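Asks: below are the sequence and a predicted model; questions follow.
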Amino acid sequence: MAVHFQREVDRLKQRLLSLGGIVETQLHSAVEALHERRREQAMMVIDGDAEVDRAEVDIEEECLKILALHQPVAGDLRFIVAVMKINNDLERIGDLSVNVARKAAALAERPDFAFPFDLKAMSRRSEEMVRMALDALVHLDSQQARRVCRMDDEVNNYKRQARRQAVAYLQKHPEMADPILRLLGACRNLERVADMATNIAEDVVYLVEGQILRHQPWDSEAEEASPAE
């Protein structure tokens, strides 16, 4: 029974990591389509959402089957719970990538214009957080997961700066309201992507250390005082 359970757990982890890879690709493609004005690429991201949805449902059903058949406890139960939560967050990142792609497709139809705020830096940071969170999951690295959590404030700052710069820009160019509002929408989606990456990182800490970190402030002193050290 133990060997069979471990085999199912290993397969579940591989399926989760596979979904993570698909979602990471979807996010990168959506961001690239936005910046490079690639409508066809944006539509491919939108069309690919069904694959993410199917994978999310399959993983959830597999988790429920393992819970029913094996009734895991302690660390094994913690793993299944973490997988279910991370699975949901990955699906949400897929949805947010589709939202970005829809805005990219709409903006690609308009004449080219310069973005009034630095969306590329925010995009890079959000993508980096997802990549680092998944890497922390692969290696069960709770310290890297904590670093991801601290990065969330930087993305939040990008969003606040973008809003201020957009308001200033629209005061001078009110005729650009539609594209600027679409860009701000993409900005909000990327900020939510960072939130989902933070959720995944927090779940990695929970998985490794058994500590629930939601709603806790992040700073260097908190990391140095963590149980892992």
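Replies: Here it is on my side, so go on.
Asks: residues near the closest residue to E62 other than its chain neighbours, how many?
Replies: Excluding the flanking residues, the one nearest E62 by CB to CB, 6 or more residues apart in numbering is L12, at 5.5 Å. Using the backbone N, CA and C atoms, a C-beta is placed for each residue, glycine as well. By other CB atoms under 10 Å, 19 other residues sit near L12.
Asks: helix or strand: which one has L12?
Replies: Using DSSP states H and E, the element containing L12 is helix 2-36.
Asks: again, but for S97
Replies: Here S97 is assigned to helix 74-108, by DSSP H and E.
Asks: how far off centre is the helix holding L12?
Replies: 11 Å (CA atoms, centre = their mean, to the nearest Å).
Asks: after that helix, heading C-terminal, what element do we hit next?
Replies: Note on helix 2-36: by DSSP H and E, the next helix or strand toward the C-terminus is helix 39-47.
Asks: distance-wise, check the residue lying closest to M43 once chain neighbours are set aside relative to E24.
Replies: In space, M43 comes closest to A105 once its chain neighbours are excluded; the distance is 6.0 Å by CB to CB, 6+ apart. Per CB to CB, to the nearest Å, A105 is found 20 Å from E24.
Asks: over to S97?
Replies: In terms of CB to CB, S97 sits 9 Å off from E24.
Asks: who touches stretch 30-41?
Replies: Residues outside stretch 30-41 that contact it (CB atoms under 8 Å, 6 or more residues apart in numbering): 29, 42, 45, 97-98, 100-101, 103-105, 107-109, 112, 119-120, 123, 127, 186, 190.
Asks: hmm, I was thinking of stretch 192-202
Replies: 27, 85-86, 89-90, 92-93, 96-97, 125-126, 129-130, 132-134, 136-137, 144-146, 148-149, 151-152, 155-156, 212-214.
Asks: just the buried members of those residues?
Replies: Among the contacts of stretch 192-202, the ones that count as buried by 16 or more other CB atoms under 10 Å are 27, 85-86, 89-90, 92-93, 96-97, 125-126, 129-130, 132-134, 136-137, 144-146, 148-149, 151-152, 155, 213.
Asks: give me the below-cutoff pLDDT ranges for the protein.
Replies: Within the chain, the stretches with pLDDT under 70 are 1, 215-229.
Asks: at 50 what do you get?
Replies: Within the chain, the segments meeting pLDDT under 50 span 219-229.
Asks: alpha carbons only: can I get stretch 100-115 in PDB?
Replies: Listed next in PDB are the C-alpha coordinates belonging to stretch 100-115 (Å, rounded to 0.1, in the frame of the first residue of the first chain):
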ATOM      1  CA  VAL A 100      -3.900  40.000 -20.500                       C
ATOM      2  CA  ALA A 101      -4.100  38.200 -23.800                       C
ATOM      3  CA  ARG A 102      -7.500  39.700 -24.500                       C
ATOM      4  CA  LYS A 103      -6.200  43.200 -23.800                       C
ATOM      5  CA  ALA A 104      -3.200  42.500 -26.000                       C
ATOM      6  CA  ALA A 105      -5.500  41.400 -28.900                       C
ATOM      7  CA  ALA A 106      -7.600  44.500 -28.600                       C
ATOM      8  CA  LEU A 107      -4.600  46.800 -28.400                       C
ATOM      9  CA  ALA A 108      -3.000  45.200 -31.400                       C
ATOM     10  CA  GLU A 109      -5.900  46.500 -33.500                       C
ATOM     11  CA  ARG A 110      -5.100  50.100 -32.600                       C
ATOM     12  CA  PRO A 111      -2.400  52.300 -34.000                       C
ATOM     13  CA  ASP A 112       0.900  51.900 -32.200                       C
ATOM     14  CA  PHE A 113       1.500  54.200 -29.200                       C
ATOM     15  CA  ALA A 114       4.100  54.400 -26.400                       C
ATOM     16  CA  PHE A 115       3.000  53.000 -23.000                       C
END
